[in-house]
Each structure stands twice: as structure tokens, then as C-alpha cells.
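> The sequence and its predicted three-dimensional model are supplied below.
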Amino acid sequence: MTDASSVLRRYGVLIALVLLILLNFAITPHFATMQTLSVNLTQVCTIVIVGVGMTLVIATGGIDLSVGALMAIAGAMSPMFFTGQLIPVPNIYVGIALGIIFPIIITSIFGLFNGWLINRFSIQPIIATLVLFIAGRGIAQVSTNGDLQVFKVPEFQAIAIGRVLGVPFQVWIMVVVVAVAAFVLKRTVFGRQLLAVGGNEAAARLSGISVKRVKLIVYAVSGFCSAIAGLIVIAMNSAADANLIGLGMELDAIAAVAVGGTLLSGGRATIIGTLLGALIIQLVRYTLLANGVPDAAALVVKAGLIILAVWLQRQERA
Amino acid sequence: MMRNFRVTPSIAVVVVLVVLVTLAALRYDGFLGTYNVQSVLRYISMFALVALGMCFVIMTGGIDLSVGTVAAMSSVVSAILSPYGLVPGVAGGLAVGFLAGTLNGVLITKLKILPFIATLATMLAASGTGLLLAKNQSVSVSYDTYFTNLGQGDLFSFLRPEWVDAEGVGIFGSILGFFLSFPTPAWIAIVAYIIGGVVINHTSFGRHILAIGGGTEASRLMGLPVDRTIFSVYVISGTLAGLAGVILASQFGAGQPIEGVGWELFAIASVVVGGTLLSGGKGSVVGTMAGALLLGVIFTILNFENGMGWISLSAYWQSVVRGLFLLVVVILQSRLASRAPAQAAH
Amino acid sequence: MTDIQPLLAMRAIDKSFGSVSALVSADLVVMPAEVMALVGQNGAGKSTMIKVLNGAFQYDGGTIAFDGKPWVAGSPQQAQRAGVSTIFQEINLIGYRSVAENIYLGREIKKFAGLLDWTRMNQGARTLLARFNIDVEVTLPLENFSTAVQQMVAIARAVSFDAKLVIMDEPTSSLDEAEVAVLLKTIRQLKADGVAVIFVTHKLDELYEVCDRVTIMRDGRTVSVANIADISKLQLVASMLGRDLADVRARGATAFSNGDHDIGGELLEAKSLAVGRRVSDASFDIRKGEIVGLAGLLGSGRTETARAVFAADPMSKGQVRFEGKDRDFKTPAQAIAAGMGYCSEDRKTQGIIPDMSVADNLTLALMPALTRAGMIDETRQREIVLRFIKDIGIKCSGPNQKIRELSGGNQQKVLLARWLCMNPKLLILDEPTRGIDVGAKGEIQSLIRRFASEGLGVLMISSELEEIVEGADRVFVLRDGRMDAEMDKAAISEQAVMQAMAHGAA
């Protein structure tokens, strides 16, 4: 009895995903194709990447609402570099390098800014990151004047749509981000310190952990992940639209984290869970769509999934 | 009682608003003209209603992320019902908001789910339901009933005498003309804020809201009906979001299933800028209204400034400015909170 | 007194939580308009007794009569309506709301249409506070006023429910001297108005100043009831701690062996520390290999002193010399780097990270030293953890078990090991054996002794007299935030420590 429930607790999310896949084999036509896999994975890539950063932030007991806006900043900024609009670039590869590196640095700094607000002024994370949620997209829009930047740079677009071993390159990026984060969380001192801060901030401080430094870093990492996701989005669309990049992403990411089984109050986190959570949300949506249920209904189901996941978490703690 | 007079954050934001509007009125022709006032107020009124509900919720220490999509869903429902007349249209929209608020209340007080997550789920569910009901497109309202008057009409403009537009009517005439030209949604918002202010400041329910936000456990020990009060504020917030949705449908002549994105955060920002503590327990209805107006007016001022031709700022600066505003306010709030004054007894 | 009906008669009250007995046939009798002191150490059962009375807890056996009738209260609110009001240590009022509101919350005065009658409420609040000679602007937020005024408002609120009995649970713990005076005056006023008071405090001076009688509790039982005039401070302390003055028991009840050991040179010297409101002047020193006991009643500032040394809280005054150098640590991390460790008295909120494994909790502070390129060297970590599990006898299913699943004693051992594995020079232990069963207690005490004999300096705070007397090589006693007694090994006796806790320096 206790064995069954502990197995369920540990692998519940995975079991749900497997059941969902089996269900699809049974009822969804043409499910077992490379095409289906590819579609689902590319839909979920950016959510997982941002979700990884969000998982780390939530593990420390915080939240980051600014991820979507930071994606927009990175996405809007990048084309200015590789199209040579901002500074002249000797060749396209240098441009692309700059167009990747600069946005990543800038959004990471914005992430640091979030952490600084939280540390310095003891502002609740939800409000501190609300500032950039509002202002961040504005910054992206102002810097592009709100215009759609269309570009045709296949070398850059390879980030999203190039394929390696038949799998879209962005999926590889996602795999790397997930693997690195899971490794950091499980194997490094920083990972433990981060969980310690979320699990018991007072005890962590008394054990000599620099709580402020940990917080600064996780928000910076969240900004970093947002930048990568922003770059993938523009590469996929071969256009950057500051108004739309990452719109609503904060909610998708939080939903993936919640469904994946990370404790929303901090102290316990699973990166793989977030990956599985995002996959479940996506697959539920796909299942409904493929079987003729409108997309909007999937939102209602997603809401139900979040409540169910959080409610189960509560039951388990009680 | 001069010794009772303190400059609270809410008073400060009202002062900033008045100064800003005065400067703008001096600098730009037509800033307080009928056309501008009507178009600005017509739009801001919806946000103001949502912000009022948010203000109630935040005063208890909670948060309601669902207001934007609930407003969208309610605009769809009231558009669908509008052919049956003004009353069914309005009642339908309000009922939808009421139900969404009830759902939030149940999730939070019965299932004990954090307000942030509970209302996030309701946000998604309301968005999905709205799109389903609208079949993914906007739903035209009926122009055969009086339904559109609610959003597009100007309630008292028929009282407005011609002479207030004449030269040299004096300050009194100008002010009379100014108020009588308010659009109907503005009057609805004004009435809602007056009721809201009375409820917060002059009823037990209102004081309990603030007490719970100031200390949930202490309130429980004092025997206050904590769960019932928390439940009620989410219902109020949902219903006001429903009302905003009705106005949205009526004003734009269509139910808008994809509107409402980001309204919740605009509302939160209005509440916080208006001097209400995000952690609850302390706040002001008037401040919230001033906060909503302030954030809305920044946009208009940018437009006028561009019209002057001196500088050219894109409309997108408004969100940057709003964000900066929020930043300054939360930093000031944290400063105030960190030095709690203590004063000895006499 | 015999012909007067008692106002409150709690007789033979039993209460247990699971298998732990909190109250065993405990009695508490209060006469009308009497100020009754209720004293006892931590875990003596005072709070449980109060919570049984005010309806927060159900009780298992015994009878309660109030005002001549059987007493039934299902919650503190019901108790309040029936005439028993409780004022808690941490003020349960709403700081942001006005003074008047705090008095009237939950039973507001209304005029027409459900609207509040602010004029009458403010007037009522003024009249009520005037009874206690408090003149404050009742429309200002409560947080604008000092803790003492806030306490007084809480009392006024309690009295305005027509309370016949007011319970005050350590009301003076965060007040300064002048404020305490005001509070004591209020208590006398209540008595004059015919209201009885149960006064829970650890400050003996106050107790003698204002109380009529005292009820002493220990281990869930009522051990003594006396007129305050008939009992000396020393007798009172002895009774609280469970000591018979005539027959102070011989040494040997704890696992601290008597074996003398070498004490080295100066390790830490703290001079004139002042911390917040609780500690005004504390000086002490610790030598290498020495266990220094820090004694004092609850609220005397022991924990605050320890936390300030470890830089967990800032000190407002004073100097710390550590290993011969003046040190001004700003964060615990710096104190740890210099070779200190600190085990908090509150394992749950300040010690364990509940969701983490035994191994991670044990090596939390050591971790930065256990890495290769930021990665945890899990082999070494496991090695160290297994060594400590074996060495100090931590009972767990393995290094990967979650710490929250362990018993209190084993959690405490993990926390001790957290510091011991760092090879610290000074270990500060705040109530190292609180809430731990007898067996584990002995093990922890002998551990402390063992590491001290290997050269570790220890500062040990304890409310258990035996632990201090038998465990410490030297003892400092704090009384009301002042360190005014020091005893070396020869001078330490239960009698002397109690004397210092009750009266200050001999």
C-alpha cells in the first residue's frame, strides 16, 4: 500500500505521460509518426527552456513573471546585430555570434536586476518581476518601434529549424538546457544551496550560505533561459515581433513547473518533472485537437490539470 | 483635526495625478476638451472597475490573476445575450463574472490552494470558455436594443446646455460642461468607486477585509469570519470584471474573447501605485482610482507630446513609463515598511 | 479565603498529545480579583494549561468551573465572550488598523443601514483607555505606538468584553523598564476593578511586585501554590527547576562525565555586548577545550547573545575577539569561515532543511569544501556522512533518508555533525537537548564532552540546571539582559546558579 503510493508519488507525472501516449496510440489517427513527434516537441521547446529557469527560481521560493518580456527583449534585439543594423559586421557569422551573445548578456543582466530588487528592497518576487513584465516588453517595442523585423538569414534560422539526426536543432538545445540544469540541481553545491534556500531560508543562512547570491544567480539564469527561448522563437518565424514574442509565456512556464511536481513554495524541485509537465500539457492539447476538440477547450483542461497537480501536492504534504 | 492629517501614499498619488493633469491641460490644447476626456475615460473606466475588484482582493493579502480573461469571457456572453435586450445582456455578463469569482473563492478557501495558482487556473479556464462560446471570433452585439448605449453613450450629455461651449462661460460653466460630458462607463465606474469606498471605510465587512490583510491569524483569533470575507472579495472581483466585460462588449460593439490579456497586471499596478500594500492590510480605494487614471493618462500625455512635434516618442514608451512608475512606488513602499515608526505613550 | 467561591477552579486536568503527556492532574485555582502568577520552565505545561482554559485545546480529564458554573469553551473567541480573555506574548492585533478599530473589530458599533458609527467607536475607545490612564490618538494606526501601548490596547480590548479573568502570557517580554511599569500599573487597575489576572512571566521582580499568589508547574503537574509573601525567590526557582533546597542532589545524573581535561588558551572574548532590547550588557570568554555554560531564565537574553556572537543578528554595541584578533563578523558565513558553528534552539525553523536528505543536511556547511569544479564529490560526502552516522550513532535508514523522517534526537545529531565535520574551533549550542528523549540526550551530552576534550570550545545554553552544572567548566549567568555572575568549576553548584538566576551576582 505504502509502496504503491510512494511509487505513484515519485513517478506519477511520468506514468500520466505514458498513459497519455498509450491513449493516443489507441484513439488518435497517425499518432505514431515522426511528424507528430516533431510537431509536439517544437511546440514545447521554448516552454521547457523557460520552465527550467522558472523551476530554479521557484525552487528558491520565488517566481519570475518577467520571462515573456525578457524573451521579447532578446528576440527584438538579436536581428539588429546579425542584420548589421546596429553596428557594421564583417560577415554574417560574426553578426550571428553577436546577435546571440548580446541578447543573452542583456537579458541575464535584467535577470540580475530582478534579483537585486528582491534582495535589496525585500520586495516580494511577484511584484519585483512585475516591473519588468510591464516595462520589458515596452523596452523591446521601443527599440524596434514596434515594427515587425522580417529577415532571411538561414544560418541563424538553423537554430530552430535545422535538423541534426533528423531532430530539429531547437530540440537539441532544449535537451542540453534540461540536462545541464538537472545536473546542476542534482550534482553541484549550488544546486543544494538553492534547494536549501527554498526549503528553509533561515537555516540556510545560519549554515553560511549566501542567500542573496543564490537568489541573484537564479534570476539571472531565468533571464538567460528566456533569451535562448526568445532567439528560438524568432529563428522559427524568421521574423521578430516585439509585441508577440513570449506573450503569456510566464503562465505556460509556471503551469509546466506546477504540473511537473515542483513544490511551488520552494525547497523541492525537479527539472525532469518540468519537462514532463510541459509535455503532458502539450500532449493533452494535441490529443484534444487531433480528436476534433477545439483548442480553447484545451485551456480549460490545462486549468484543471494545474489545480489537480497542486491539490495532489497539498494532499501529500498534509 | 490637523494632527490626524498625514501624507499617505494614496494622497500623494492623487496629488501627482492632479498636478500632471493640470500641467497637461496648460501645455496641450484640448487636453480637457470633450473629445479627449470622453475617449480617455471611456477606455480607462473598464480598467478602473477591474482595478477596484483587485484592490479588494489585494487588501486581504490575495491576488486575482483571472480578471482579464473573465472580463473577456463576460464580454462574449453579454454580446451573445444582447439581442434579448439590455437587461439580459448586462445580467448575463455579471453572472459570468460572479461565477468565476465564486470558483476562485472555492479553490482558495475550500481547497486551500494559493490565490496565485488558483486564479491562474481560472484565468486559463475563463479564456478557454470565452473562446469556445465565441467560436474563436469576436461576437457582434445587437444594435437593435439599448445594449450599446451602455458603453458608447454619455449618460448626462442631454442635460448639457449649449452655452457651456461658448466663449467666456467662466470657470463654473466650464466645470459643469466638463462633468456633464462624461461617458456612461465613467459614471458606472464613479458609482462603483463610491460604493467601494463606503464599503471599505464604513462597513464591518470592509474593516474585516483590511484586518485580515493586516494579520490573518490575529483576525481569526479575534473571531472575524475570515474564510467568508476572503470568499466574498473574490466574488466581488469576479463580478466587477464581469461588469468591465459588459462595458467592453457594449463599447466595441462586439464580445472580444481575446481581449483582457494583461489587464490583471495593469490592475495590480494601479492598486500598488495607488498606495495599497501588496501584502494587504493597508490601502485606499481612492488611491486605486487615482492609480488607474494616472497609468492611463500617461499614454494620452505621450500622444499629445508627440502631437506638439518637439519630440517624438512612440506609444510604446507608455509601458516603459508605467513599469518605472511601479518600480519607484514599490521601492518607496519597501522603504516605508522598513522603518516602522514607534511613538511612546504620553 | 475559604468562604469565598473561587472564580476559576481547574482541577486534575489531564491532557496528552499522542503518547506524550502535557498535563498530569494539574490544578489551577484563581480567586476573584486576584493576580495569580503562573510560572514554570519550558514544557512545564503553562501554555497547555492556558490553552485548555481558553478553549484552544480540548482536555482529556478533570473539571473546570468558572464563576461557580461548569466551564465550556470551544474556542478562544467563545471563552472571550464568556468572560475569559487571553493576551498573547506576540500581540494579536492588527498593526495597520487604528487603535479604536482594534478594540472594536468583530463587534463594530453601527448606525443606520449597516454603516459604522466611527464617532461612537472612537469615543468608546478613548473612554476605555482613559480607565488605564492611556492618552493616545485612537484614530492613528496601532503600529505607530510602542509595544507597551499595543499591549495596553490588547488589554483594553480584552476588558471591554466584560472579562472577569484576563490571562497574560509573558506580556512584558518585549517591553523596556518604563513600559513594564505602565503595564504593572494596568494590572493593579484591573485588580481594583474586580478583574482577576493570570500572569505568566519569567521575570521574578515583576512577579513579586504585582502578584498575590503563585502557582508553580513542572513536567505537566502543579507542584506548588503559595502566597507570594511566603515564598522566597530562591525557593521559587528551586521549585520550578525541581530541586529540593535542603538536599541538592549529588552529581552524576547526566552523561557529562566528571573527568577533568586540559583547558587551553583564550579562544573567544566578548565584551559588553548589547543586542536589541533583550541584551544590554553581556561579557564573557571561552578558552580552548572548555565548555562554558550560559544560564539564565527564559527571556534573559541567552539566545540573543549567542546569535550576536555568530553574527546571525547585528549587535548594537560591544566587541568580539576570536583567536586573539578583533573580529567584526557581518554574516554567519564569515563566522563559519573563522571556525565557529551554531546550533539553534529551534531545530525546525532554524536548523533542518526538511525535504533534504540526511547527507545533504549534514554536509550543508561543509559542501563548498567538498567540491571539484563546483561538483559535489559524492564519494567523499558519503564517506564523511557514513563516518558520522557510525561515530555519533545517528539512527537512519541511510544517508539518503529525508531528515524530516528522523526523530528529534537524531535530527539534532545530524545538526551537531553539520558543524563537527567542519572541525570548528568554537561551537555554540542553544538548548542542545531540548525535546529529545532521555537516551539520545545522554549520547549528545557525552559527544559534547568528547569533542571538548579534543580541544573544541563550546558555549552551551541550557534551561536544564543539571546540564549546566554537570556539563560546564565555567558558567555565566544572564539576568534581564545583563551578565552579572561568573562561576568557575569549583564554584558551580545548583544552589549558586539558582541564586544567580533569581537575584543576580551573589
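Everything's here; your move.
> Stretch C:309-326 and chain B in contact?
No - for stretch C:309-326, no contact with chain B is found by CB under 8 Å from any CB of the partner chain; the gap never falls below 14.2 Å. Every residue, glycine included, has its C-beta placed from N, CA and C.
> Name the nearest residue to A:Lys289, sequence neighbours excluded.
Not quite, residue A:289 is Leu, not Lys. Nearest residue to A:Leu289, sequence neighbours excluded (CB to CB, 6 or more residues apart in numbering or on different chains): A:Asp295, at 6.1 Å.
> tell me the contacts of B:Leu133?
Listed by CB atoms under 8 Å, 6 or more residues apart in numbering or on different chains, the contact set of B:Leu133 reads B:Met73, B:Val76, B:Val77, B:Ile80, B:Val139, B:Pro257.
> if I've got this straight, it is in a helix?
Yes - under DSSP: H, G, I helix; E, B strand; the rest coil, B:Leu133 falls within a helix.
> For the residue nearest to A:Leu289, which residues are in contact?
With contacts defined as CB under 8 Å, 6+ apart, the neighbours of A:Asp295 are A:Arg285, A:Leu288, A:Leu289, B:Leu131, B:Asn136.
> What subset of the contacts of B:Leu133 is buried?
The neighbour count (16 or more other CB atoms under 10 Å in any protein chain shown) marks B:Met73, B:Val76, B:Val77, B:Ile80, B:Val139, B:Pro257 as buried among these.
> of those, closest to A:Asp241?
B:Pro257 (21.1 Å; CB to CB).
> Go ahead and report the secondary structure state at the closest one.
Quick answer, by three-state DSSP: B:Pro257 is coil.
> Specify the local secondary structure of C:Ala282.
What three-state DSSP gives for C:Ala282 is strand.
> distance of it from C:Ala295?
12 Å (CB to CB, to the nearest Å).
> go on, A:Val293?
With the distance defined as CB to CB, A:Val293 ends up 72 Å from C:Ala295.
> re earlier: among the buried ones among the contacts of B:Leu133, show me the least confident.
When these are sorted by pLDDT, the bottom entry is B:Val139 at 84.
> Now do the helices in the chain.
Assuming you mean chain A. A:2-27, A:34-59, A:67-82, A:92-121, A:125-144, A:154-161, A:169-187, A:189-199, A:201-206, A:211-237, A:249-260, A:271-290, A:295-317 (DSSP state H).
> Hmm, no, I was thinking of chain B.
So, for chain B - with DSSP H - the helices run B:9-27, B:34-59, B:67-81, B:86-105, B:115-134, B:149-152, B:170-180, B:184-202, B:204-214, B:216-221, B:226-252, B:263-273, B:285-308, B:317-338.
> Highest mean neighbour count out of those?
helix B:67-81 (a mean of 31; mean count of other CB atoms under 10 Å in any protein chain shown).
> wait, does it contact chain A?
No - judged by CB under 8 Å from any CB, helix B:67-81 and chain A are separated, with a smallest distance of 9.0 Å.
> any idea how far that helix is from the chain center?
16 Å (CA atoms, centre = their mean, to the nearest Å).
> Do me a favour and average the pLDDT over stretch C:135-146.
Model confidence over stretch C:135-146, given as mean pLDDT, is 86.
> how long is that stretch end to end?
Using CA to CA, to the nearest Å, the end-to-end distance of stretch C:135-146 comes out at 13 Å.
> any low-confidence regions in the chain?
Using chain A. A:1-9, A:316-318 (pLDDT under 70).
> try chain B instead
B:1-7, B:158, B:162-170, B:309-313, B:315, B:336-346.
> Now it against chain A: closest residue?
Proximity of chain B to chain A (CB to the nearest CB) peaks at B:Gly323, 2.3 Å away.
> ok, the nearest residue to that residue once chain neighbours are set aside - how many residues close by?
Leaving aside its sequence neighbours, B:Gly323 sits nearest to A:Ala135 (CB to CB, 6+ apart; 2.3 Å). When neighbours are counted by other CB atoms under 10 Å in any protein chain shown, A:Ala135 registers 23.
> Show the contacting residues for A:Ala135.
A:Ala69, B:Ser319, B:Val320, B:Arg322, B:Gly323, B:Leu324, B:Leu326, B:Leu327.
> and of those residues, the nearest to chain C?
Out of the contacts of A:Ala135, the member with the shortest distance to chain C (by CB to the nearest CB) is B:Leu326, at 21.5 Å.
> Enumerate every residue touching the closest one.
By CB under 8 Å, 6+ apart, the neighbours of B:Leu326 are A:Ile127, A:Leu130, A:Val131, A:Ile134, A:Ala135, B:Ala269, B:Val272, B:Val273.
> Adding distance to C:Leu427 as columns, could you present these in a markdown table?
Formatted as a markdown table, the contacts of B:Leu326 follow (distance: CB to CB, whole Å):
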| residue | distance to C:Leu427 |
| --- | --- |
| A:Ile127 | 40 |
| A:Leu130 | 44 |
| A:Val131 | 44 |
| A:Ile134 | 49 |
| A:Ala135 | 49 |
| B:Ala269 | 50 |
| B:Val272 | 46 |
| B:Val273 | 50 |
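> Show me what from chain A comes close to chain C.
A:187-190, A:192-193, A:195-196, A:199-200, A:202-210, A:263, A:267-268.
> go with 6 Å
A:187-189, A:192, A:196, A:199-200, A:202-203, A:205-208, A:267-268 (CB under 6 Å from any CB of the partner chain).
> Over to the stretch 101-250 of chain B?
B:His202, B:Thr203, B:Ser204, B:Ala211, B:Gly214, B:Gly215, B:Ala218, B:Leu221, B:Met222, B:Gly223, B:Leu224.
> Report the contact partners of the first one.
Contacts were defined as CB atoms under 6 Å, 6 or more residues apart in numbering or on different chains; by that measure B:His202 touches C:Leu115, C:Leu116.
> ok, now with 10 Å
B:His202 is in contact with C:Glu108, C:Lys110, C:Lys111, C:Ala113, C:Gly114, C:Leu115, C:Leu116, C:Asp117, C:Trp118, counting by CB atoms under 10 Å, 6 or more residues apart in numbering or on different chains.
> The second one and C:Val225: what is the separation?
Shown here: C:Lys110 relative to C:Val225, a distance of 46 Å by CB to CB.
> and what of the fifth one?
C:Gly114 is 50 Å from C:Val225, where distance means CB to CB.
> Of the contacts of B:His202, which ones also sit close to chain B?
Of the residues in the contacts of B:His202, proximity to chain B by CB under 10 Å from any CB of the partner chain holds for C:Glu108, C:Lys110, C:Lys111, C:Ala113, C:Gly114, C:Leu115, C:Leu116, C:Asp117, C:Trp118.
> name the element C:Ser16 belongs to?
Element membership of C:Ser16, judged by DSSP states H and E, is strand C:8-17.
> Give the partner strands of that strand in its sheet and their orientations.
strand C:20-30 (antiparallel), strand C:61-66 (antiparallel) (DSSP bridges).
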